[in-house]
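Chemist: Let's see this in three dimensions:
(one chain, ligands or ions: 1)
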Amino acid sequence: MKNIHYRKIFIIFMLLIGMITNVYAMTDITVSEGYIKASIPGSSITAAYMTISNAGNKAITLQKISSTISDRIEIHEHSMSDGMMRMRQVTEITIDANNEVVLQPSGLHLMIFSLKQKVTDKDVIPLTLYFSNKTKINIQLPVYRYK
Ligand SMILES: [Cu+2]
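Modeler: Prediction:
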């Protein structure tokens, strides 16, 4: 029936939109599952999380991150030392060939300092990731209050 046909096209269309908005692929690098934590009132820092996949046969390194919301975005890592959870800055993240690195709470994350604006639930924030092979990826990350 015609009606069913239209519904099928609609579903395919929505799937395509979903792929375009959730996954950014350029060369061998894919960023998925990305989000930024909503900033707490009175605080000017927050963090971003995502999965970075490398489908290529060479390791690749994330070296720099920029965004319109901050001039200072660092790569951080949580680690246990003397029984305490500590954060430390790392200079880069290497994604091995045919592998992925997950940035998540209590692990690797992007620390966003000196926010120029509040980031609240349902905002969408642009970020640019700079990699060792001169690849630059622009992504749009949704903001979530809890996740
Ligand atoms: Cu941090």
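Chemist: What is the least confident helix or strand in this structure?
Modeler: strand 24-26 (a mean of 47; mean pLDDT, DSSP states H and E).
Chemist: Arg86 and Ser106 touch, don't they?
Modeler: No - if you go by CB atoms under 8 Å, Arg86 and Ser106 don't touch, sitting 11.4 Å apart. Heads up, the C-betas are built off the backbone N, CA and C, glycines and all.
Chemist: In terms of helices and strands, where is the residue lying closest to Lys64 once chain neighbours are set aside?
Modeler: Nearest non-adjacent residue to Lys64, counting by CB to CB, 6 or more residues apart in numbering: Tyr130, 4.0 Å away. Here Tyr130 is covered by strand 124-131, with elements defined by DSSP states H and E.
Chemist: what does Tyr35 give?
Modeler: strand 29-37.
Chemist: Neighbouring strands - and their directions - for that strand?
Modeler: Applying DSSP bridges, strand 29-37 is found paired with strand 24-26 (antiparallel), strand 46-54 (antiparallel), strand 136-144 (parallel).
Chemist: Need the winner for burial among those.
Modeler: strand 46-54 (a mean of 21; mean count of other CB atoms under 10 Å).
Chemist: The strand holding Tyr35 near the ion anywhere?
Modeler: No - for a cut-off given as CB under 5 Å from the ion, strand 29-37 has no contacts with the ion; the smallest distance is 10.9 Å.
Chemist: So which bits of that strand are buried?
Modeler: Within strand 29-37, the residues scored as buried using 16 or more other CB atoms under 10 Å are 29-31, 34, 36-37.
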